[in-house]
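Asks: Need a 3D model of the following:
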Amino acid sequence: MALLTMRSIHKSFHGVPVLRGVDLTLEAGEVRALLGENGAGKTTLMNILGGVLPPDTGEILLNGRPVQIYSPRHARSLGIAFVHQEAMLAEDLTVAENIFLGEEPQKFGRVIDYSKMVRDTTEVLERLGVSVPPRTPVRDLDAPLRQVVEIARAVRQNAKILILDEPTTSLTVRETERLAELIKTLSGQGVGIIFISHRLQEVVNMCNRYTVLRDGMVAADGEISDVDEKRLVRAMIGREMGEVSQRNPRESVANRDEPILQAIKVTCEPHFRNVSFTLREGEILGFTGLLGAGYEELFECLFGQRRGWSGECLLRGKEFRPRAPVEAAYRGVGYVPRDRQVNGIFPERSVLHNTTISTLHRLSRAGFIHLGKERSEFMRYQQDLNIKAASPSGAIRSLSGGNQQKSLLARWLMADVDLLILDNPTQGVDVAAKQDIYTIVRRFADDHRAVIVLTPDMQEALRICDRIVVMFKGAVVAEVSAGDASEELLMLYATGAQEGQGEAR
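Replies: Numbering: from 1, shown residues only. Take a look at the predicted model:
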C-alpha cells in the first residue's frame with residue numbers, strides 16, 4: 001500500500017486550469033523527483049498536499065485512507081512536512097527554539113522546559129548524523145545547516161512525507177553531497193521524500209523514481225534508472241532542446257582593447273582583499289568559488305550597496321566609486337541580485353512597473369509617465385525576451401521564477417546599461433528559461449557591452465563565460481579561460497587544493 005496517493009487532482013485560478021487530473025504516488029522510503037518547467041504546476045500540487053490550497057476536485061489518500069487537508073498545521077499533524085527553497089526560520093532564535101517553535105515542551109503548566117527541548121534537539125540531530133549545538137542562534141548558521149534545522153523540525157514532528165523544494169539551490173558541491181547522505185538516511189528510516197529540483201544531475205543521483213508535469217498534467221512517470229537527463233528534459237519541455245553552443249573564449253573580445261571595468265587591489269575586510277581584474281567589451285567574465293568566497297560582497301561594493309572599501313575602480317577609464325546603487329545605474333551599470341524576491345522585484349507591483357522602473361525618467365515628461373510609451377516599450381521587450389505573463393498589469397509575484405528573472409533582465413536592457421552584473425542568474429529557473437537567459441546574456445555582451453556572472457555553479461560558469469575568476473577565502477586564486485578549464489580544475493582552485501596565478505588580468 002502506497003504511503004501517499006493523489007488521484008485526479010484538478011485546480012484552477014480565475015478560470016485558468018493549473019492542474020488537470022494529476023496522479024502521484026509515493027512509497028515509504030522512496031525518493032521521488034517532481035520535475036517540470038516553472039509554471040507546470042509543481043508548486044500548486046505541493047501546496048495542495050501541504051494544506052496551503054484545497055483542490056477543486058480529486059482525492060488524497062494516506063496509507064490507503066482518504067483525507068482532506070485543511071491547513072499547513074493539519075498537514076503537519078498528518079505527518080507531511082514542507083521544506084521550502086528559502087529557509088523559513090526565526091533568525092534570532094536558537095536551533096532548539098526553531099525546531100520546537102509553537103510546540104515547546106512545558107513544565108509546571110506554563111513554563112517552557114528548555115532542558116528537555118535541548119535534549120530532544122540533540123537526539124533529533126544525532127538521528128540525522130549532524131552535530132550542531134542546540135543553543136546556537138540560527139543567524140550564525142550557513143545555508144546547509146539552516147536546511148538541516150528545517151529538516152530536523154520535520155523529523156521531530158515524526159513526518160512520514162517530506163517535501164524538499166529546490167534544496168540544493170544555495171549549496172556547494174560538498175554541501176550537496178552532505179544533503180544526499182541525509183536524504184539517504186531519512187529514506188532508510190522509511191520517510192517518503194518528494195524532491196523538487198531543476199538540477200537534473202542531482203535528480204539522477206539522489207532519486208529512485210520521477211514524475212514530470214507539463215502544462216498541469218503528468219507528462220512522464222517512472223524509474224530514474226530507466227532515463228537520462230536528456231529524456232527528462234524532453235519530457236519537461238515537450239520537444240528536443242538544442243544545446244547553447246560554447247563560444248570560443250575571447251573570440252568576441254580579441255580585437256577590442258578598451259576595458260569597460262578595471263579593479264585594482266580592491267579590499268573590504270573581512271570579506272575580500274587585493275582583488276584586481278579587467279573586463280573588456282564583448283566579454284562575459286565569471287566569478288566563482290564556494291559560498292563565502294567573497295565575490296558577492298565584492299560586487300555589492302562596486303554597485304554601491306556596501307561602503308568602506310579601498311582600492312581603485314575605473315569604468316571606461318573614469319573613477320567609479322558609487323555611493324548608492326542609483327549612482328551605479330546612472331553610470332550605466334545594472335545588477336540582478338541573487339535573491340530576487342528580497343532585493344530584485346517589487347512583488348505586489350505589476351510586471352509592467354517592475355520592468356520599466358529603471359527607465360521612468362526616459363518615459364516621463366514634466367513629471368508624468370507617458371503610459372502608452374511605457375506599455376509599448378514593455379511589450380517590445382516582453383516579446384524579445386519571451387516573458388510569459390498573462391497581463392502586463394498582473395502582479396509579478398504570480399510569474400514563474402524564470403519569467404521574473406527575465407523581467408529583471410529586461411529592466412536593465414531597457415535602461416540601456418553598458419555592464420550587467422548577474423548574481424546566480426539561473427537560480428530556481430527551469431531548463432527552458434535557463435536557455436533563454438543564456439541567449440539574452442550572450443546577445444547583450446556581443447553588442448559592445450559586457451557581463452559579469454557570479455555563480456557557485458561551475459558547470460554554468462564554464463558554459464557561458466569567456467574567462468573565469470576563482471576566489472577562495474576572499475582572495476583571487478586563479479583566472480582561467482573557460483576553454484582551458486574543467487569543473488574539476490575550478491573545484492581544486494575553489495577549495496584551496498591547487499594554487500593558480502592569483503590575479504585576474
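Asks: A strand includes Ile357, no?
Replies: No. Using DSSP: H, G, I helix; E, B strand; the rest coil, the assignment for Ile357 is helix, not a strand.
Asks: And for it, the neighbour number?
Replies: Counted by other C-beta atoms under 10 Å, the residues lying close to Ile357 total 14. Yep, even glycine has a C-beta here, placed from its N, CA and C like the rest.
Asks: Can you tell me the closest non-neighbouring residue to it?
Replies: Spatially, and ignoring its direct neighbours in sequence, Ile357 is nearest to Arg411 (6.6 Å; C-beta to C-beta, 6 or more residues apart in numbering).
Asks: just checking, the one you found touches Ser358?
Replies: Yes. Using C-beta atoms under 8 Å, Arg411 is in contact with Ser358, at 5.2 Å.
Asks: Now do the shared contacts for these two.
Replies: Gly334 (C-beta atoms under 8 Å, 6 or more residues apart in numbering).
Asks: Check the gap between Val233 and Val429 for me.
Replies: 14 Å (C-beta to C-beta, to the nearest Å).
Asks: more neighbours, these two?
Replies: Val429 (23 against 20).
Asks: ok, the more buried one to Gln157 distance?
Replies: In terms of C-beta to C-beta, Val429 sits 31 Å off from Gln157.
Asks: What of Asn98?
Replies: Taking C-beta to C-beta as the measure, Asn98 falls 13 Å from Gln157.
Asks: Between the two, which has more neighbouring residues?
Replies: Neighbours were tallied for Asn98 and for Gln157 using other C-beta under 10 Å; the higher tally belongs to Asn98 (23 against 17).
Asks: So that one sits against Val138, correct?
Replies: Yes. Taking C-beta under 8 Å as the definition, Asn98 is a contact partner of Val138 at 5.6 Å.
Asks: returning to what we had before: just give me the neighbour total for the residue nearest to Ile357.
Replies: If you count neighbours by other C-beta under 10 Å, Arg411 ends up with 22.
Asks: where does the stretch 351-500 of the chain have low pLDDT?
Replies: 428, 497-500 (pLDDT under 70).
Asks: And the helices in it?
Replies: Remark: helices assigned in the stretch 351-500 of the chain by DSSP state H, counting those that start in this stretch are 351-356, 371-385, 401-414, 431-446, 458-464, 487-494.
Asks: Can you list the neighbours in contact with the first one?
Replies: The list of residues contacting helix 351-356 from outside it, by C-beta under 8 Å, 6+ apart, reads 345-346, 363, 374-375, 377-378, 381-382, 387, 389, 391-396, 399, 407-408, 410-411, 414.
Asks: Drop anything exposed from these.
Replies: Using 16 or more other C-beta atoms under 10 Å as the burial test, these include 345, 363, 374, 377-378, 381-382, 387, 389, 392, 395-396, 399, 407-408, 410-411, 414 as buried.
Asks: partner residues bridging the residue lying closest to Val417 once chain neighbours are set aside?
Replies: Excluding the flanking residues, the one nearest Val417 by C-beta to C-beta, 6+ apart is Gly334, at 4.1 Å. As for beta bridges, Gly334 partners with Leu420 under DSSP bridges.
Asks: for the closest residue to Pro337 other than its chain neighbours, helix, strand, or coil?
Replies: The shortest distance from Pro337 to any non-neighbouring residue, by C-beta to C-beta, 6+ apart, is to Asn343 (4.1 Å). Following three-state DSSP, the label given to Asn343 is helix.
Asks: try the one 4 residues further on
Replies: What three-state DSSP gives for Pro347 is coil.
Asks: Can you tell me the number of residues neighbouring it?
Replies: Neighbour number of Pro347 under other C-beta under 10 Å is 14.
Asks: again, but for Pro133
Replies: The burial count for Pro133: 13, using other C-beta under 10 Å.
Asks: Same check on Ile224?
Replies: Ile224 has 18 nearby residues by other C-beta under 10 Å.
Asks: What mean pLDDT does stretch 81-89 get?
Replies: When pLDDT is averaged along stretch 81-89, the result is 77.
Asks: could you pull out the strands for the stretch 1-150 of the chain?
Replies: 4-13, 16-26, 31-35, 57-62, 65-67, 80-83, 106-107, 111-112 (DSSP state E, counting those that start in this stretch).
Asks: Of all the ones you listed, which one comes closest to Ala293?
Replies: With C-beta to C-beta as the measure, strand 80-83 is the member of the strands of the stretch 1-150 of the chain nearest Ala293 (25.7 Å).
Asks: Would you mind writing the CA trace of the closest one as PDB?
Replies: This file holds the C-alpha atoms of strand 80-83, laid out as PDB (Å, rounded to 0.1, in the frame of the first residue of the first chain):
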ATOM      1  CA  ILE A  80       3.500  15.900   6.000                       C
ATOM      2  CA  ALA A  81       6.400  18.400   6.200                       C
ATOM      3  CA  PHE A  82       7.300  21.000   3.600                       C
ATOM      4  CA  VAL A  83      10.900  22.400   3.500                       C
END
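Asks: what does that strand rub up against?
Replies: Taking C-beta under 8 Å, 6+ apart as the rule, strand 80-83 contacts 46, 49-51, 69, 72, 75, 147, 150-151, 153-154, 157, 159-165, 167.
Asks: Is it possible to mark the buried ones in those residues?
Replies: 46, 49-51, 69, 75, 147, 150-151, 153-154, 157, 159-165, 167.
Asks: Can you give me the domain boundaries for this structure?
Replies: Domain assignment for the chain, taken from automatic domain parsing, gives 4-237, 247-323+457-505.
Asks: Switch the ones you listed over to TSV; also include distance to Pro425.
Replies: Listed next are the domains of the chain as TSV, based on distance: least, C-beta to C-beta, whole Å:
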stretch	distance to Pro425
domain 4-237	13
domain 247-323+457-505	8
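Asks: Compare these and give me the one nearest Ser350.
Replies: Using C-beta to C-beta, the nearest of the domains of the chain to Ser350 is domain 4-237, at 16.1 Å.
Asks: Quick one: end-to-end length of that closest one, please.
Replies: One end of domain 4-237 to the other measures 27 Å (C-alpha to C-alpha, to the nearest Å).
Asks: Spatially central residue for the protein, please.
Replies: By C-alpha atoms, centre = their mean, the mean C-alpha position of the chain lies nearest to Gln427, the distance being 3.0 Å.
Asks: and that one, how far is that from Leu454?
Replies: Taken as C-beta to C-beta, the span from Gln427 to Leu454 is 11 Å.
Asks: Just give me the residues shared between the contact sets of these two.
Replies: Joint contacts of Gln427 and Leu454 (C-beta under 8 Å, 6+ apart) are Arg338.
Asks: partner residues bridging the residue lying closest to Gly311 once chain neighbours are set aside?
Replies: Once flanking residues are discounted, Gly311 sits nearest to Val266: 3.6 Å by C-beta to C-beta, 6+ apart. Here Val266 sits in beta bridges with Val275, going by DSSP bridges.
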